[in-house]
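Peer 1: Sequence isn't available, so here's the structure alone:
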Ligand SMILES: NS(=O)(=O)c1c(F)c(F)c(S(=O)(=O)CCO)c(N[C@H]2CCCc3ccccc32)c1F
Ligand SMILES: [Zn+2]
């Protein structure tokens, strides 16, 4: 699609020019305001199937100019949701080197250092993510808040390759590993709401699950994420750092946010 950025003349306040859904309803991300949360006892723990990938498996880690993404095999899937959702990719949103505040969702106004998204598509109804992308029941994205603290060895399984994809369009192969290790311990505590892609084309096609508990990475790991990547191609004369790649929180449009936890 066309070019869009997080800053400047192609920044988020201009996305609606080429991507009308970005100005529509049910947009993401949102702020989780305590007074708008409603406990729902029917929200079951998220079940991850085939997340423990063999090291013989090769995953593609790439810099797509908007984020760093890791491709995921479609046999990885989620159970316990209204449909079966198969994995497609995971990617990240982060702040800047001296401002570790770049999550997309916020909790009572608090922005975390970064946020990981695992993008899945409804494989009960659609053959692939391209078909599912703009369907109201097409996608399920799991969000994980990331804070700076303890070193997280699981993140190094792909962060150790990040210097090889400094520029837009660059890719490297990464050995498979247990993707479950990137997630928080409690898969039974999460926020749930109907929303959208947080990048153009902003389709309102996402069933969002954002886990209540953050995971920690070290400051060094955070800086790997926030200081290595460029949104520009290698041959461009002026390298453009890729940072602050998060959309601002959107209007609620009288949506309700369900939570699987009570206190
Ligand atoms: N926050 S978010 O809404 O989850 C979200 C992002 F923020 C994000 F940057 C990406 S991207 O890395 O592909 C950069 C360009 O959109 C995606 N990709 C999705 C939607 C776009 C098309 C597509 C095709 C195959 C697999 C995944 C996707 C994304 F879904
Ligand atoms: Zn995302």
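Peer 2: Looks like it came in fine. Everything numeric in this text was worked out from a predicted model, so none of it was measured. Ligands and ions are numbered 1, 2, ... in the order given.
Peer 1: Let's verify the residue nearest to residue 19 when sequence neighbours are not counted: helix, strand, or coil?
Peer 2: For residue 19, ignoring the flanking residues on the chain, the nearest one in space by C-beta to C-beta, 6 or more residues apart in numbering is residue 200 at 3.9 Å. Every C-beta, even on glycine, is put in place using the N, C-alpha and C of the backbone. Put simply, residue 200 is coil when judged by DSSP: H, G, I helix; E, B strand; the rest coil.
Peer 1: and residue 200, what is it in contact with?
Peer 2: Applying C-beta atoms under 8 Å, 6 or more residues apart in numbering to residue 200 gives the contacts 1, 2, 4, 15, 18, 19, 22.
Peer 1: repeat that for 7 Å
Peer 2: Residues counted as contacts of residue 200 (C-beta atoms under 7 Å, 6 or more residues apart in numbering) are 1, 4, 15, 18, 19, 22.
Peer 1: And what about the residue of the chain most remote from its centre, helix, strand or coil?
Peer 2: Outermost residue of the chain with respect to the C-alpha centroid, by C-alpha atoms, centre = their mean, is residue 237; its distance is 29.8 Å. In three-state terms, and counting by three-state DSSP, residue 237 is coil.
Peer 1: do you know how far it is from residue 167?
Peer 2: For residue 237, the distance to residue 167 equals 12 Å [C-beta to C-beta, to the nearest Å].
Peer 1: For ligand 1, see how far away the residue nearest the centre of the chain is.
Peer 2: For the chain, the residue nearest the mean C-alpha position is residue 117 (2.1 Å; C-alpha atoms, centre = their mean). Counting by C-beta to the nearest ligand atom, to the nearest Å, the gap from residue 117 to ligand 1 is 4 Å.
Peer 1: Contacts only, for that residue.
Peer 2: Residue 117 neighbours (C-beta under 7 Å, 6+ apart): 90, 91, 141, 143.
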